[in-house]
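[1] have a look at this prediction, sequence included:
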Amino acid sequence: MSDGLLRPALALKCATVIAVLAGLICAAACGGGDAANTGRKVKAENVSADDVERDLKFDARVSDFDTDGNKLIVNVNQQWMSSPAGMQQTAVQRWLTRWQASKASDGGAAPKDTQVVVRYEGNDILTATGNGEIKVAKAAAESESAEAK
C-alpha cells in the first residue's frame, strides 16, 4: 500500500520541480526589464582625442602613433602583422570610427578627409578613409622581390 502512494507523490514532486524550473527559465529569457534599456552603446560624439590616445596606448599591437591634421598615423608591431586580416580590418575600422568621432565638432559630422594610416617599419600597409574604404598597400619588400624576379 505504501508503494502505491509513494509513486504518485514522487511524480507530483518531479512535476512541481520541472514546472518551477520552466518558470525560472522563461522569466530569465524574458528579462523582465524594459527592452529600450538593453544594449545601449556610447554615442560616437562622446569620444575625445584623449579617448583615442588612450585606446592606442593600451593596444599591444601599436608601437606608437601620430596625428597630422585629420590623419591618424598608427605604427604597428609584429603582433599586428601576425594577426589575421579580419582582425586588422576590424581594429582599423574601430580606430577610424573613434578618430572621426573625436574630430566631429559638437555632434556634427566629421571632416570628410579623416583617415587612419597604418604603418609597419615605415611602410604604409593599410589606409582607411572617411568614407569607410580600406586600401591595402603593397609592402615595399614584396614589390622589390617581384621586380627582382
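    Received the coordinates, thanks.
[2] use CA for all of it now, contacts and neighbours both
    Will do.
[3] quick one: the helices in this structure?
    Using DSSP state H, the helices assigned to the chain run over residues 2-30, 49-57, 78-82, 85-103, 140-148.
[4] report the helix or strand with the lowest average pLDDT across this protein.
    Here the helix or strand of the chain ranked lowest by mean pLDDT, DSSP states H and E is helix 140-148, holding a mean of 47.
[5] quick one, domains of this structure?
    2-37, 47-148 (automatic domain parsing).
[6] which one of those is the most hemmed in?
    Highest mean neighbour count of the domains of the chain: domain 47-148, a mean of 16 (counted as mean count of other Cα atoms under 10 Å).
[7] now render the helices of the chain as JSON lines, adding distance to Leu72.
    Listed next are the helices of the chain as JSON lines, based on distance: least, Cα to Cα, whole Å:
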{"stretch": "helix 2-30", "distance to Leu72": "43"}
{"stretch": "helix 49-57", "distance to Leu72": "10"}
{"stretch": "helix 78-82", "distance to Leu72": "17"}
{"stretch": "helix 85-103", "distance to Leu72": "7"}
{"stretch": "helix 140-148", "distance to Leu72": "21"}
